[in-house]
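**Q** structure of the sequence below:
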Amino acid sequence: MAGHMVLVGWALWVSPCGTDSCDALPVTDTLFTEQQCISRKSYLESKRPNLFFLCGEVYRDSEDVVSSEKHAVPAPNPPLRTLPSRNSR
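**A** Next up is the predicted model:
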């Protein structure tokens, strides 16, 4: 019986062409949760506003996925600086 595709995490990509038609390149081999990826994407966009970053889903065949394997890797040490919180007006 053929397996089905399972979402295993999110990858952070950078497109050297912006929104033009070209292949995006992975920023890292690390798989993140969706929120972790979005957080890192926002941080990188604030530091490199001229580059086009995106988060993309990563799928694997269910037969290749080990259920006990943890796919999301914790933040690097030291972690990325967090953006300052803003108080509502």
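
**Q** quick one: what helix or strand has Cys55 in it?
**A** Cys55 is part of strand 52-61 when elements are defined by DSSP states H and E.

**Q** paired strands for that strand, with orientation please.
**A** Applying DSSP bridges, strand 52-61 is found paired with strand 5-15 (antiparallel).

**Q** ok, residues contacting the strand it pairs with?
**A** Outside strand 5-15, the residues that touch it by C-beta atoms under 8 Å, 6 or more residues apart in numbering are 22-28, 30-34, 36-37, 40-41, 44, 51-62, 65, 71-72. C-beta: built from backbone N, CA, C; applies to glycine.

**Q** which of those residues are buried?
**A** Taking 16 or more other C-beta atoms under 10 Å as the criterion, what is buried in those is 24, 27, 30-32, 36-37, 40-41, 44, 52-53, 55, 71.

**Q** quick check: the two most widely separated of those?
**A** Using C-beta to C-beta, the pair of the buried ones among the contacts of strand 5-15 lying farthest apart is Phe52 and His71, separated by 25.2 Å.

**Q** is it true that Leu44 touches Leu54?
**A** No: when contacts are counted by C-beta atoms under 8 Å, Leu44 is not listed as touching Leu54 (10.6 Å).
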